[in-house]
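A.B. asks: Generate coordinates for the sequence data below:
(6 chains)
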6 protein chains.
Amino acid sequence: MMFLQILFTFSFLFSSSNALDFCVGDLNTPQGPAGYSCKNPEAVIVDDFIFSGLHVAGNTSNLTNSVATPVFSTQFPGFNGLGISLARLDMAIGGWVPMHTHPGASELFVVMQGTIRAGFISSTNKVYIKTLEEGDVMVFPQDLMHFQFNVGKSPALAFASFSKASTDIYIMDNAWFANDLPVDILQKTTFLDPDQIKKLKGVFGGTY
Amino acid sequence: MMFLQILFTFSFLFSSSNALDFCVGDLNTPQGPAGYSCKNPEAVIVDDFIFSGLHVAGNTSNLTNSVATPVFSTQFPGFNGLGISLARLDMAIGGWVPMHTHPGASELFVVMQGTIRAGFISSTNKVYIKTLEEGDVMVFPQDLMHFQFNVGKSPALAFASFSKASTDIYIMDNAWFANDLPVDILQKTTFLDPDQIKKLKGVFGGTY
Amino acid sequence: MMFLQILFTFSFLFSSSNALDFCVGDLNTPQGPAGYSCKNPEAVIVDDFIFSGLHVAGNTSNLTNSVATPVFSTQFPGFNGLGISLARLDMAIGGWVPMHTHPGASELFVVMQGTIRAGFISSTNKVYIKTLEEGDVMVFPQDLMHFQFNVGKSPALAFASFSKASTDIYIMDNAWFANDLPVDILQKTTFLDPDQIKKLKGVFGGTY
Amino acid sequence: MMFLQILFTFSFLFSSSNALDFCVGDLNTPQGPAGYSCKNPEAVIVDDFIFSGLHVAGNTSNLTNSVATPVFSTQFPGFNGLGISLARLDMAIGGWVPMHTHPGASELFVVMQGTIRAGFISSTNKVYIKTLEEGDVMVFPQDLMHFQFNVGKSPALAFASFSKASTDIYIMDNAWFANDLPVDILQKTTFLDPDQIKKLKGVFGGTY
Amino acid sequence: MMFLQILFTFSFLFSSSNALDFCVGDLNTPQGPAGYSCKNPEAVIVDDFIFSGLHVAGNTSNLTNSVATPVFSTQFPGFNGLGISLARLDMAIGGWVPMHTHPGASELFVVMQGTIRAGFISSTNKVYIKTLEEGDVMVFPQDLMHFQFNVGKSPALAFASFSKASTDIYIMDNAWFANDLPVDILQKTTFLDPDQIKKLKGVFGGTY
Amino acid sequence: MMFLQILFTFSFLFSSSNALDFCVGDLNTPQGPAGYSCKNPEAVIVDDFIFSGLHVAGNTSNLTNSVATPVFSTQFPGFNGLGISLARLDMAIGGWVPMHTHPGASELFVVMQGTIRAGFISSTNKVYIKTLEEGDVMVFPQDLMHFQFNVGKSPALAFASFSKASTDIYIMDNAWFANDLPVDILQKTTFLDPDQIKKLKGVFGGTY
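C.D. replies: Alright, predicted model coming up:
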């Protein structure tokens, strides 16, 4: 008897409340400044909070001998609204990651295997660079350019977490050379010689 | 003449602007990470900003002899986007509120009538507890477990405000015992004995 | 034996962590954009989270027959960093609160006793006004001018909560007339007649 | 060969990512607490980030001899989600801007031409006022009333930027007099005499 | 010649700017609501951004056969202000992590080795639980209780990232039993029997 | 009589309140994640909110024929905590601004004089570029690389506002070449040829 009554009272509280503990992204809705609209909470299942396959190495590119596998809110809608995301980074022997940023996100970088030389550059042009071993953590502050090298004798593996549900891998070379930005504009804004620009436009599939 | 002109200029400014002073929630839209979509401002009326009935005591449960009446953005869409909400708490003689948190919200607790002994526990396991009289205010910092007892000789009444338009009353016992979470999992994660768990599953309507 | 070991492990976790669950303001430090520096957590006591005396009516002014008693983070450092604060409002028969805003804060207004006619004005010049009875809640969206009248036959009492640890009661008349702002500037920026301005400078103690 | 492979890897990264660098507002969607929904990124064009015509002076009112031309996210959806907006202010000789605020936004005010006397009033009733010349910058802190006068012998021009994609020009006189707010309410809440109120209701097109 | 001039101009820009790209915490200063004060940027070195030793397994407790090694801003001041932190979790065969939350933080949980059964409970009392293998990622939304079990035949290892520079491991049992909270208060607020409470006070070193 | 009483009541309210309307930065204090500590409000004067001299053109560099004059919170402490700042941009005939970002800030760019061709690059490598005339406004979304050219036959002038009190002008060339970053690291992370790198290290004063 007594038990029924508390159940009644408490379940009243809970059924009358729709506060959202989470906001699994509904990828069919347009995004807003704060992310996707929430999937109907009634339809949310445990698999909405789980992403599988991060133990599998990606296929490294022949050029950089590395590959990053991002898990952002568009790949994994469970992150929507929660302010965190991640990526796996595989680097073959001699592999590296080109100069890049992650708009709006800080990166927490953990070396799982191998020896990685990593660095970032502050807006006062100071370079912070160090060789990291397994178990070392480095943090790349928000919006600063950084890079990584596998300087060891075996493949390297790292996991990166980001302080944002959705960011991007914004690679300077891609931004400059993988599109139709004219040579003369690039020449002046990057101070690079035209021949250098044309060569890299070729590498990154841009036109001129 | 002069008057007409200022009217023209100023009303131009205002008609060309749709900046939202408020965002009354449209409960028919899916929520996003920042709350509901805004009801069409043209359709907003004064009653969208008013909620009635908080002077009426709720029916207290026989088990805890208390009841909380929440007014969050789902009960009162006028709160949507404004970062504040509230609840009324009635406690019969001997009533209490079980251990609970409010995800993402701090609570400002004001004793209106009676004598309430209230406390919270920090993440360093320190207990902050005190007996409050009418007119006393206590603040429960965001996400910490807290509880309240009517330790007086008459019914007690309190009002609670929250630093969020939409939170929930997250009661540890309900979370543990009012569902199908297996006994062996609860036994290990809570260190409770199986008999204790089964007894409370019975009280809170869970299964095992 | 077993028990000692878990204690060792867990207390290690806790002693090595200084994450702050709360940030009771140290009023002797300068404020920053986010509030006061935190009082040393070791020195924090339960009374830092408690404010007393809100059950006592303030002395109402003879002019407005009302008085507001604010409890912001400077009166109550326990609010620092928690994004919430409150005030008590007493209105004698015929009392009112002049046009005002609370910079950066929304207000949740609960009528405890009496009959209060309250309103706010949007930035599209629309007036939202209603007579509230005991138990009615009204929300005044952030930064909009609002006012309250005791329109009943007995004293009225209300509690207001704010979505900010520290705001202010920004009364338009005080801002305009309780200082040395010249009459000609006020005349043009408020469109009031000089005689009206001088009269109100007299009321509010300003100079000209 | 090598080039093809890097292209494959990098374009895989980019095609699988829909992180939004920007969120051009779709004005056909309802707003949410954080702004408009984002226009489909595929459909975004450069003109979504460009607004033209700010070099043209607005038509100044005969009453104030000034006019503000706002460019907020509803006029310019490219600002949506980016936390910034602007306005152009033209002041004829003798022109001024009445007492106003911008809900939720700070204002950065740059004098381009002429001599402008500008001021704001703190919530402790202190007036901060100064005569500004071309090239002077003044900042009006969030939610405080401010005003500007052309005190020079030629027209004045200023640009204002705001710390919010969408705010409003919230003019106290308009809010008080350009609507149906009753004279007796205004009399008490503003301390103005009824005749003064009726006169200004006439000026601003309100009723009583 | 030309080169000298650009150097002059650009270095002028940079020397006159002290914008902070990062804010390495100065642990000797009191914290504020947003974290520690920043270490003098001139004194910041690369090691401020690096934390070592996460490849070393912690000593698992005999009771839970698990141990978490947190790296929050107090352990690693480089995280200060960057909104991210992490922990390493070691679970021996049969080990588990008790019911806990992380105040104010979402958790991104990556299984590195072994088979872990993990779950969380929403504020509507729904349980989201699943068995995770190496390479599986699970996200625990902000402030919800969760737990993990090593259900495999070998030790398990996981890395957790948090959406906050500084949070805590807030274990319900510790909060309830590792202090002087009286038995009668616990009995009512947790619905546990007194004998059960006393037994667990013994386990967790509390008094009664 | 009546007047004295209202003065008493209201001044009580105001003297007991120290809510900060603004937080003029005290440059002698260390910064925190949210900015500088606030200057004592009693000592704040109107000049703390005013910055002069923006009407004066900067000396353009011979290399880029342009110069940016930043006004961030370190140059102008009045911006501290207010979320906005600005810069003046002078471009001689043929001048340009190299590829750069502003960490954490969106930029609102207004052309005051001349003809400026401006563009930014999204993280999907798409270029948004347009020729702007006097009175055109362009917005560069947060953290994306952008550039500007004076393509007209006269000097050009623009004002830029930023959505942050303190950001920086983060020029890719300076970050890469104006320091001791080794040639081999730059070669791989930027795909530039060693000769090109060495040449630009010479231009920007770096070493190798």
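A.B. asks: and the next element down the chain from the worst-scoring helix or strand of chain A on mean pLDDT?
C.D. replies: None of the helices or strands of chain A scores lower by mean pLDDT, DSSP states H and E than helix A:2-15, at a mean of 39. On the C-terminal side of helix A:2-15, the nearest following helix or strand under DSSP states H and E is strand A:50-51.
A.B. asks: Next to chain C in this structure, residues from chain A, please.
C.D. replies: On the criterion C-beta under 8 Å from any C-beta of the partner chain, chain C has no neighbours in chain A. Backbone N, C-alpha and C define where each C-beta goes, glycine included.
A.B. asks: How is chain A partitioned into domains?
C.D. replies: A:46-168, A:175-204 (automatic domain parsing).
A.B. asks: Helices of chain A, residue ranges please.
C.D. replies: A:2-15, A:172-177, A:183-190, A:194-204 (DSSP state H).
A.B. asks: Low-confidence ranges, chain A, go.
C.D. replies: A:1-19 (pLDDT under 70).
A.B. asks: now do 50
C.D. replies: Under the criterion pLDDT under 50, the flagged ranges of chain A are A:1-17.
A.B. asks: Could you tell me the end-to-end distance of stretch A:177-191?
C.D. replies: End-to-end distance for stretch A:177-191, by C-alpha to C-alpha, to the nearest Å: 14 Å.
A.B. asks: Whether it contacts chain E - can you check?
C.D. replies: No: with C-beta under 8 Å from any C-beta as the criterion, chain E is not reached by stretch A:177-191; the gap is at least 9.5 Å.
A.B. asks: Quick check: buried residues in that stretch?
C.D. replies: Buried residues in stretch A:177-191, counted by 16 or more other C-beta atoms under 10 Å in any protein chain shown: A:177-179, A:181, A:183, A:185-186, A:188-191.
A.B. asks: Is stretch A:119-127 positioned near chain F?
C.D. replies: Yes: counting by C-beta under 8 Å from any C-beta, chain F has neighbours in stretch A:119-127: A:119, A:121, A:123-127.
A.B. asks: mind putting the residues you listed in CSV, neighbour count included?
C.D. replies: As requested, the residues of stretch A:119-127 next to chain F are exported to CSV (neighbours: other C-beta atoms under 10 Å in any protein chain shown):
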residue, neighbour count
A:119, 22
A:121, 24
A:123, 26
A:124, 21
A:125, 23
A:126, 17
A:127, 17
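A.B. asks: closest to residue B:148 among those?
C.D. replies: Distance to residue B:148, by C-beta to C-beta, is smallest for residue A:123 among the residues of stretch A:119-127 next to chain F, at 50.3 Å.
A.B. asks: what's the spacing between that closest one and chain B?
C.D. replies: The gap separating residue A:123 from chain B is 30 Å, by C-beta to the nearest C-beta, to the nearest Å.
A.B. asks: For that residue, which non-adjacent residue is closest in space?
C.D. replies: Leaving aside its sequence neighbours, residue A:123 sits nearest to residue F:168 (C-beta to C-beta, 6 or more residues apart in numbering or on different chains; 3.9 Å).
A.B. asks: Run a quick neighbour tally on the one you found.
C.D. replies: Counted with other C-beta atoms under 10 Å in any protein chain shown, residues neighbouring residue F:168 total 27.
A.B. asks: Spell out whether stretch A:135-142 and chain F are in contact.
C.D. replies: Yes: residues of stretch A:135-142 contacting chain F under C-beta under 8 Å from any C-beta: residue A:142.
A.B. asks: Within reach of chain F, which of the buried residues of stretch A:177-191 are there?
C.D. replies: Of the residues in the buried residues of stretch A:177-191, proximity to chain F by C-beta under 8 Å from any C-beta holds for A:178-179, A:181, A:185, A:188-191.
A.B. asks: now the residues you listed as JSON lines including distance to residue A:63?
C.D. replies: Converted to JSON lines, those look like this (distance: C-beta to C-beta, whole Å):
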{"residue": "A:178", "distance to residue A:63": "13"}
{"residue": "A:179", "distance to residue A:63": "18"}
{"residue": "A:181", "distance to residue A:63": "20"}
{"residue": "A:185", "distance to residue A:63": "25"}
{"residue": "A:188", "distance to residue A:63": "27"}
{"residue": "A:189", "distance to residue A:63": "24"}
{"residue": "A:190", "distance to residue A:63": "20"}
{"residue": "A:191", "distance to residue A:63": "24"}
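A.B. asks: What about residue A:110, how many residues nearby?
C.D. replies: Around residue A:110 there are 26 other residues, counting by other C-beta under 10 Å.
A.B. asks: beta partners for it?
C.D. replies: In this entry, residue A:110 is beta-bridged to residue A:137, residue A:159, by DSSP bridges.
A.B. asks: Can you tell me how far it is from residue A:125?
C.D. replies: Between residue A:110 and residue A:125 the computed distance is 27 Å (C-beta to C-beta, to the nearest Å).
A.B. asks: ok, now which ones touch the nearest residue to residue A:76 once chain neighbours are set aside?
C.D. replies: Distances taken as C-beta to C-beta, 6+ apart put residue A:51 closest to residue A:76, at 4.5 Å, once the chain neighbours are dropped. Shown in contact with residue A:51 (C-beta atoms under 8 Å, 6 or more residues apart in numbering or on different chains): A:71, A:75-76, A:78, E:136-137.
A.B. asks: repeat that for 7 Å
C.D. replies: Listed by C-beta atoms under 7 Å, 6 or more residues apart in numbering or on different chains, the contact set of residue A:51 reads A:71, A:76, E:137.
A.B. asks: just the residues you listed now: which is nearest residue E:38?
C.D. replies: Set against residue E:38, the nearest of those by C-beta to C-beta is residue A:71 (31.1 Å).
A.B. asks: mind listing what that closest one touches?
C.D. replies: Contact partners of residue A:71, counting by C-beta under 7 Å, 6+ apart, are A:51, A:85-87, E:137.
A.B. asks: In a markdown table: those, plus distance to residue D:64.
C.D. replies: Listed next are the contacts of residue A:71 as a markdown table, based on distance: C-beta to C-beta, whole Å:
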| residue | distance to residue D:64 |
| --- | --- |
| A:51 | 59 |
| A:85 | 51 |
| A:86 | 56 |
| A:87 | 56 |
| E:137 | 60 |
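A.B. asks: which one of those is nearest residue A:33?
C.D. replies: Ranked by distance to residue A:33 (C-beta to C-beta), the contacts of residue A:71 are led by residue A:85 at 17.1 Å.
A.B. asks: what's across from the closest one in the sheet?
C.D. replies: For residue A:85, the beta-bridge partners are residue A:162 (DSSP bridges).
A.B. asks: right, and it touches residue A:160 too?
C.D. replies: No: here residue A:85 lies out of contact with residue A:160, judged by C-beta atoms under 7 Å, at a distance of 9.2 Å.
A.B. asks: Just want to know which of these two has more residues nearby.
C.D. replies: Higher neighbour count among residue A:85 and residue A:160: residue A:85, with 30 against 24, using other C-beta under 10 Å.
A.B. asks: how about the more buried one, what does it touch?
C.D. replies: Contacts of residue A:85 by C-beta under 7 Å, 6+ apart are A:71-73, A:79, A:162, A:164-167.
A.B. asks: I'd like to know how many residues surround residue A:60.
C.D. replies: By other C-beta under 10 Å, 20 other residues sit near residue A:60.
A.B. asks: Make sure it is actually in contact with residue A:95.
C.D. replies: Yes: between residue A:60 and residue A:95 a contact is recorded at 6.0 Å, counting by C-beta under 7 Å.
A.B. asks: Quickly list what's touching both of the two.
C.D. replies: residue A:66.
A.B. asks: re the thing from before, now, among the contacts of residue A:51, which is nearest to chain B?
C.D. replies: Using C-beta to the nearest C-beta, residue A:76 comes nearest to chain B of the contacts of residue A:51, at 15.1 Å.
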